[in-house]
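curious how this folds, go ahead:
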Amino acid sequence: MNASFKKHRLEFKKPSGTSRGILTTKDSWFLMLEKDGKSGLGECSLLPNLSPDDPEKIDSLLQKMCHALQSNTLLPDLTNWPAVRMGLEMALLGLQNQTKWELFPSDFTKGRSSIPINGLVWMGQPDFMKSQIDSLLENGFDCIKLKIGALDFNQELEVLSYLRKRYSPKTITIRVDANGAFSTQDALTKLQQLDAFAIHSIEQPIAVNQWEEMAGLCRESPIPIALDEELISQGSPEERTRLLETIHPQYIILKPSLLGGFKASEDWISEANSLGIEWWITSALESNVGLNALAQWTYTLSPKGPQGLGTGSLFKNNIQCPLTIQKACLGMDNSISWDLI
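Here you go, the predicted structure:
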């Protein structure tokens, strides 16, 4: 087997704000495998200040991994490298299929079916957020997700009021993502204020590793709570069970690049299903290489409701691919070819 990798720095078209800061670039590493005339391509996508993978050590780790793959020797320990495990799983799936692009053959990959997605509104000044909302609504999105937690809270309520005054809950579904920005002291009060706008759900209202406090919010909040960052670094079956049984959220959000790949994410889904917890899939800002694999896998799960997969258009130097968004759905237009830059 031949194995190699290269780094690709994705550049945002516009600075994108979250409660953890402003993103202007995001790094990915592409893992390339060749064996018996077939090739596989995987993406190791790292989110700054969130991915457990160490960006300072990933090149060294990938060099060791590629050497092990080529020499058929033991792989380095990937326990704390979920993005690398995701990239390796993707690349190996490419070797097992007819092409490195079609990892989960289905009506989706044939261009006959699509996946409903939500529209994403990044943090910024109220006028900027309102303009994003207007653009998404003009493009047919009926599920809008807003990043909150960085502005003055009253300004964020004003943006939500702007949206809700124009569209009723029957017309537009609103999701919000706080990225852990609320304090434990005022979280419930803020959730009660947000409830005035008929919010579908809120992701990660308080910071991670406060299980009892989060469990209390899940019991008392008028808005259903979805765990996101809380799932990271809870990889063993025992940890997954203990977390979900303790907090028992209404939803969990799955980002395979942060959880260790597709199989690891399916383990989370199985555990959630057993406890009556619902879920959906979200991109971890992969390039179109990773988003392609993520979308194909998501389709095989027959998910409920809009998924968080509309991130391919965020970057000005993304990889050209057949993924397209039409009428708030992600689909494949196989007349468009791949172009690895």
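
what about residue 326, how many residues nearby?
Close neighbours of residue 326, defined as other C-beta atoms under 10 Å, add up to 11. C-beta coordinates here come from the backbone N, C-alpha and C atoms, glycine included.

likewise residue 249?
Neighbour tally, residue 249, other C-beta under 10 Å: 28.

which residues touch it?
214, 218, 224-227, 277 (C-beta atoms under 8 Å, 6 or more residues apart in numbering).

from residue 282, how far out is it?
15 Å (C-beta to C-beta, to the nearest Å).

likewise residue 192?
26 Å.

show me which of the two is the more surrounded one.
A direct count of neighbours by other C-beta under 10 Å for residue 192 and residue 282 places residue 282 higher, at 25 against 13.

and for that one, nearest residue in space, chain neighbours not counted?
Excluding the flanking residues, the one nearest residue 282 by C-beta to C-beta, 6 or more residues apart in numbering is residue 308, at 3.2 Å.

next: residue 195.
residue 222 (4.1 Å).

secondary structure element for that neighbour?
In the assignment (DSSP states H and E), residue 222 maps to no helix and no strand.

SS state for residue 252?
At residue 252 the chain is in strand, as set by DSSP: H, G, I helix; E, B strand; the rest coil.

need the contact list for the residue sitting furthest away from the middle of the chain.
Residue farthest from the centre of the chain, counting by C-alpha atoms, centre = their mean, is residue 71 at 33.6 Å. Contacts for residue 71 (C-beta under 8 Å, 6+ apart) come out as none.

do the one 10 residues further on as well
The neighbourhood of residue 81, defined by C-beta under 8 Å, 6+ apart, consists of 52-53, 58, 61.

same question for residue 110.
For residue 110, counting by C-beta under 8 Å, 6+ apart, the contacting residues are 332, 334.

and it, what's its pLDDT?
Per-residue confidence (pLDDT) for residue 110: 96.

ditto for residue 68
97.

and residue 176, how far is that from residue 94?
Taking C-beta to C-beta, one finds residue 176 at 36 Å from residue 94.

with residue 237 instead?
In terms of C-beta to C-beta, residue 237 sits 28 Å off from residue 94.

give me the more crowded residue out of these two.
residue 94 (24 against 10).

tell me where the stretch 51-200 of the chain has strands.
Remark: strands assigned in the stretch 51-200 of the chain by DSSP state E, counting those that start in this stretch are 115-116, 119-121, 143-147, 173-177, 199-203.

mean confidence for the last one?
Pointing back at strand 199-203 there. 97.

which residue ranges of the stretch 151-300 of the chain form helices?
153-166, 187-194, 211-220, 237-247, 256-259, 262-274, 288-300 (DSSP state H, counting those that start in this stretch).

any chance of those helices in JSON lines, plus mean pLDDT and distance to residue 45?
Below are the helices of the stretch 151-300 of the chain laid out as JSON lines (pLDDT from 0 to 100; distance: least, C-beta to C-beta, whole Å):
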{"stretch": "helix 153-166", "mean pLDDT": "92", "distance to residue 45": "28"}
{"stretch": "helix 187-194", "mean pLDDT": "97", "distance to residue 45": "30"}
{"stretch": "helix 211-220", "mean pLDDT": "98", "distance to residue 45": "26"}
{"stretch": "helix 237-247", "mean pLDDT": "95", "distance to residue 45": "22"}
{"stretch": "helix 256-259", "mean pLDDT": "97", "distance to residue 45": "5"}
{"stretch": "helix 262-274", "mean pLDDT": "97", "distance to residue 45": "14"}
{"stretch": "helix 288-300", "mean pLDDT": "97", "distance to residue 45": "5"}
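
most tightly packed of those?
helix 256-259 (a mean of 28; mean count of other C-beta atoms under 10 Å).

hmm, residue 119 and residue 310 touching each other?
Yes - between residue 310 and residue 119 there is a contact at 6.5 Å, judged by C-beta atoms under 8 Å.

so, low pLDDT: which residues of the protein?
Filtered on pLDDT under 70, the chain yields the residue ranges 17-20, 341.

quick one, domains of it?
Per the record, the chain has its domains at 2-96, 115-332, by automatic domain parsing.

redo those domains as CSV? Include distance to residue 105.
Converted to CSV, those look like this (distance: least, C-beta to C-beta, whole Å):
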stretch, distance to residue 105
domain 2-96, 11
domain 115-332, 8
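
on that earlier part again, any idea how far residue 64 is from the residue farthest from the centre of the chain?
Distance from residue 71 to residue 64, by C-beta to C-beta: 11 Å.

now residue 49
25 Å.

which of those two has more residues huddled nearby?
residue 64 (14 against 9).

surely that one touches residue 77?
No - with contact defined as C-beta under 8 Å, residue 64 does not count as touching residue 77 (10.0 Å).

need the contact list for residue 178.
Here residue 178 is in contact with 19, 148-149, 202-206 (C-beta under 8 Å, 6+ apart).

counting neighbours, which of those comes out on top?
Busiest of those [other C-beta under 10 Å] is residue 205, holding 30 neighbours.

state the phi and psi torsions of it.
When read as degrees, to the nearest 10, the backbone of residue 205 gives phi -60, psi -40.

sweet, I'm off.
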